[in-house]
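S.K.: Sequence first, predicted model second:
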Amino acid sequence: MAKVTVNGIEVEVPNGSAVIQACEAAGIEIPRFCYHERLSVAGNCRMCLVEIEKAPPKPFASCAYPVADGMVVHTDSPMVRKARRGVMEFLLINHPLDCPICDQGGECDLQDQAVGYGGDHTRYEENKRAVKDKDLGPLVKTVMTRCIHCTRCIRFATEVAGVPDLGATGRGETMEVGTYVERALGSELSGNLIDLCPVGALTSKPYAFTARPWELKNTDSVDVLDAVGANIRIDTRGAEVLRILPRLNEDVNEEWLGDKSRFAVDGLRRRRLDKPWVRRDGKLHPASWDEAFAAIAAKLKGKEGDRIGAIAGDLCDAESLLALKDLMGALGSVNLDCRQYGEKLDGSRRDFYLFNSGIAGIEDADAILIIGSNPRHEAPVLNARIRKRYVAANIPIAVIGAAADLTYRAEHLGDSPAVLKALLNGAHPFAEVLKTAQKPMIIVGQGALRRVDGEAVLDGAWTLAAQSGALGAEWHGFNVLHTAAARVGALDLGFLPGTGPGVGGKGVAGMMGGGVDVLWLLGADEFDTSRIGTNTFVVYQGHHGDAGAARADVILPGAAYTEKNGTYVNTEGRVQRGALAIFPPGDAREDWTILRAFSAVVGKTLPYDTLEALRSRLEKVNPVFARVGFLPRFPCADLTGPGVAVPARSPGAMSDAAFVDAVANYYETDPISRASPTMAECTVTYAPTAKLAAE
């Protein structure tokens, strides 16, 4: 550790730290444009100048100058103030005076630092230069005349996103930032360029000229459009969500957010269900809540529990899942399922279906095997963490599944379970790589578990983890990567077909084709609704008019994730809570309140009237729901002896069919993103083949 004195304050910082980090440790703000904690040092803007005693009498760029023991730094001397004013004057030489029409206005680093550290006049009288705007696709808007050449966007695209589409051409005043060949940005994390840009050169194209920051109300919440559970901030004006931004959480998403989670916000306003509907004479008609409840109650009357079923969707909060499970239990039904695609997930033990190493634990792994997954499309923020680990340590990474560019070097072992068999037998060279690693990590995707032989693949992956030393008291390297925000919470609540003596609940497949007479869909839109029996009475409870609503006999309008207080469990088992930012539209209501109200109509009143009482019930059903925001690390138990626990006790044999990715089109995976015009435009731009296949 080096002792550094900054403006009379002595601090200790690690050797090799930059002076700017020592200043921050002392609580002193240093202006900067190019420096960012998660990017390499560029030293372009020179705004972070400081004065250092016993060094040459000149200002130093604190971001690029290392500390030394005994160093004395001054950040507000006359020399520093004059130097910063000069730098700011140069930065503003060509910057246009268009703050009144710039979307960055009100949250612009250049504005703030010009006021705080700049001068009150300029001596520049020449013509300002102009730069042609670049077309970076449907998400990022450019006004490149505003660019100050900090190169944050270039470094992020290359270092974090792993897609080196951006670069600089020309030198001096003719330098321009853009794509070398005109094309759209090819990263699922491109929206983060907007957050990183310290001026208005890169702004949100869908959000352009919509609102000013001071008009917006901010609500901290959790993203549900994938299973990572990224922490977000929802910005609203009146009764409308206008934008979604990432929040800092080092253990989950750091400060990044995937493009779908950020830009699908316009899907919240379209195709919404805002009133109950009841089908009469083959057509859906608007109805009151009482009429809708009466129609459902009439169909349930006299029905045995075995003829009633429920399927939960991918965006459900834990409160509504528990309320629906309790309602089904009161009706005598154990026909429950949350696995719309038929994933062979084993809910008997929590580490059979969790990302046990944790998202932050990726940075400790020294070998990674990915089975049946494309994390770049299934969880872009998590994929960036894998890339971060690869860049830091050049660890070996291998993939069994469809070949794809994952933004880091990964050895493609093949696309068949035959490779997994060879690894289990020790015949494949990568088996030795896993065994010699100190902290090997195996990631199993939903593409591997949706197959007919998914149980065998799950069992094989667990066995391989055990053979490789990935299951131990200090390291749990078996990881399941989910694609649905509701999946882990549903598994924690046991939202699965009931089992026990004389009990055999039906899963999704068993409820199709007339397997039940009444089927309750809680936001379930991802399975083929044409498989539902023609005589099955379908109740759809959700917030968008998607596939489930089209098949429904009664529609109950629910609330989207931005319109309710809800609990979600991400792929690593972290319990987090989203918050109500706006109220649901029209007659729509929070989902658990709909279920509670209906239970009273059928004489099966659920034992909770408030959200607090329901959350208390959640904790009683599974204590993990009491650990909000906190994720303890547990070792893998039952590792020795004949009673070793393994998932899927009778897995059968693995077939030789190739693995297929779980996400064919990253931009349209749920009712919200499918309703989003922005995501539709992204699909046309980035995934036209997926769009054609869907049509």
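M.R.: Thanks, I have it.
S.K.: Only C-alpha atoms from now on, for both contacts and neighbour counts.
M.R.: Fine.
S.K.: where along the stretch 551-695 of the chain do the helices fall?
M.R.: Per DSSP state H, counting those that start in this stretch, the stretch 551-695 of the chain carries helices over the ranges 591-601, 611-621, 671-674, 677-686, 688-694.
S.K.: Of these, flag the one that's most buried.
M.R.: Of those, the one with the most neighbours on average (mean count of other Cα atoms under 10 Å) is helix 671-674, at a mean of 24.
S.K.: and it, how far from the chain's centre?
M.R.: 15 Å (Cα atoms, centre = their mean, to the nearest Å).
S.K.: Stretch 329-342 now?
M.R.: Distance of stretch 329-342 from its chain centroid, counting by Cα atoms, centre = their mean, is 27 Å.
S.K.: State the mean pLDDT of it.
M.R.: The pLDDT scores in stretch 329-342 average 94.
S.K.: now what about it, what contacts it?
M.R.: 304-314, 325, 328, 450-451, 487, 490-491, 495-498, 504-509, 511, 524, 526-527, 604 (Cα atoms under 8 Å, 6 or more residues apart in numbering).
S.K.: can you count the residues close to residue 676?
M.R.: Neighbours of residue 676 under the rule other Cα atoms under 10 Å: 23.
S.K.: what sits against it?
M.R.: 264-268, 270.
S.K.: Now, of those residues, which are buried?
M.R.: 264-268 (16 or more other Cα atoms under 10 Å).
S.K.: what helix or strand does the spatially closest residue to residue 337 that is not a sequence neighbour sit in?
M.R.: Among residues not flanking residue 337 along the chain, residue 496 sits closest, at 4.5 Å (Cα to Cα, 6 or more residues apart in numbering). Counting by DSSP states H and E, no helix or strand carries residue 496.
S.K.: Thought residue 507 was touching residue 496, still the case?
M.R.: Yes: under the criterion of Cα atoms under 8 Å, residue 496 makes contact with residue 507 at 7.2 Å.
S.K.: Among the helices of the stretch 551-695 of the chain, which comes closest to residue 87?
M.R.: Set against residue 87 and scored by Cα to Cα, those come closest in helix 677-686, at 39.0 Å.
S.K.: and that closest one, what other elements does it pack with?
M.R.: helix 259-263, helix 688-694 (3 or more Cα pairs under 8 Å, 6 or more residues apart in numbering; DSSP states H and E).
S.K.: weakest of these by average pLDDT?
M.R.: It's helix 688-694: among the helices and strands packed on helix 677-686, that one has the lowest mean pLDDT, namely a mean of 47.
S.K.: For residue 686, give me the pLDDT.
M.R.: We note a pLDDT of 89 for residue 686 in this prediction.
S.K.: dump the residue contacts of it.
M.R.: Neighbour list for residue 686: residue 186 [criterion: Cα under 8 Å, 6+ apart].
S.K.: what secondary structure does the closest residue to residue 454 other than its chain neighbours sit in?
M.R.: In space, and not counting its chain neighbours, residue 454 is closest to residue 344: 5.3 Å by Cα to Cα, 6+ apart. Per DSSP: H, G, I helix; E, B strand; the rest coil, the local secondary structure of residue 344 is coil.
S.K.: Now for residue 344: which residues touch it?
M.R.: By Cα under 8 Å, 6+ apart, the residues touching residue 344 are 449-451, 454-455, 458.
S.K.: now do residue 20
M.R.: Neighbouring residues of residue 20 by Cα under 8 Å, 6+ apart: 30, 48, 62-63.
S.K.: same question, residue 41
M.R.: Residues near residue 41 by Cα under 8 Å, 6+ apart: 34-35, 63-64.
S.K.: Quick check, pLDDT for residue 122.
M.R.: Residue 122 is given a pLDDT of 84.
S.K.: quick one on the thing from earlier: as CSV, the buried ones among the contacts of residue 676 with secondary structure would be great.
M.R.: Formatted as CSV, these follow (three-state DSSP):
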residue, secondary structure
264, helix
265, helix
266, helix
267, helix
268, helix
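S.K.: any weak-confidence spans in the stretch 351-500 of the chain?
M.R.: 500 (pLDDT under 70).
S.K.: the more surrounded of residue 496 and residue 507?
M.R.: residue 496 (26 against 23).
S.K.: Check the gap between the more buried one and residue 312 for me.
M.R.: If you measure residue 496 against residue 312 using Cα to Cα, to the nearest Å, the figure is 10 Å.
S.K.: Same list (the helices of the stretch 551-695 of the chain) but as TSV, adding distance to residue 390.
M.R.: Shown next, in TSV, are the helices of the stretch 551-695 of the chain (distance: least, Cα to Cα, whole Å):
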stretch	distance to residue 390
helix 591-601	42
helix 611-621	38
helix 671-674	31
helix 677-686	26
helix 688-694	29
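S.K.: lowest-confidence stretch among these?
M.R.: Lowest mean pLDDT of the helices of the stretch 551-695 of the chain: helix 688-694, a mean of 47.
S.K.: Inside helices: which ones of the contacts of stretch 329-342?
M.R.: When the contacts of stretch 329-342 are checked against helices (DSSP state H), the matches are 325, 328, 487, 490-491, 508-509, 511.
S.K.: Make a PyMOL selection of whichever of those residues turn out to be buried.
M.R.: Applying 16+ other Cα under 10 Å to these leaves a buried subset, and the PyMOL line that selects it is:
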select buried, resi 325+328+487+490+491+508+511
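S.K.: Can you tell me which of the ones in helices among the contacts of stretch 329-342 lies closest to residue 232?
M.R.: Relative to residue 232, the closest of the ones in helices among the contacts of stretch 329-342 is residue 487; by Cα to Cα it sits at 19.7 Å.
S.K.: for the closest one, what are its contacts?
M.R.: Neighbouring residues of residue 487 by Cα under 8 Å, 6+ apart: 314, 338-339, 569.
S.K.: Pairing partners for residue 542 in the sheet, please.
M.R.: residue 557 (DSSP bridges).
S.K.: pLDDT of stretch 5-24, averaged?
M.R.: For stretch 5-24, mean pLDDT is 94.
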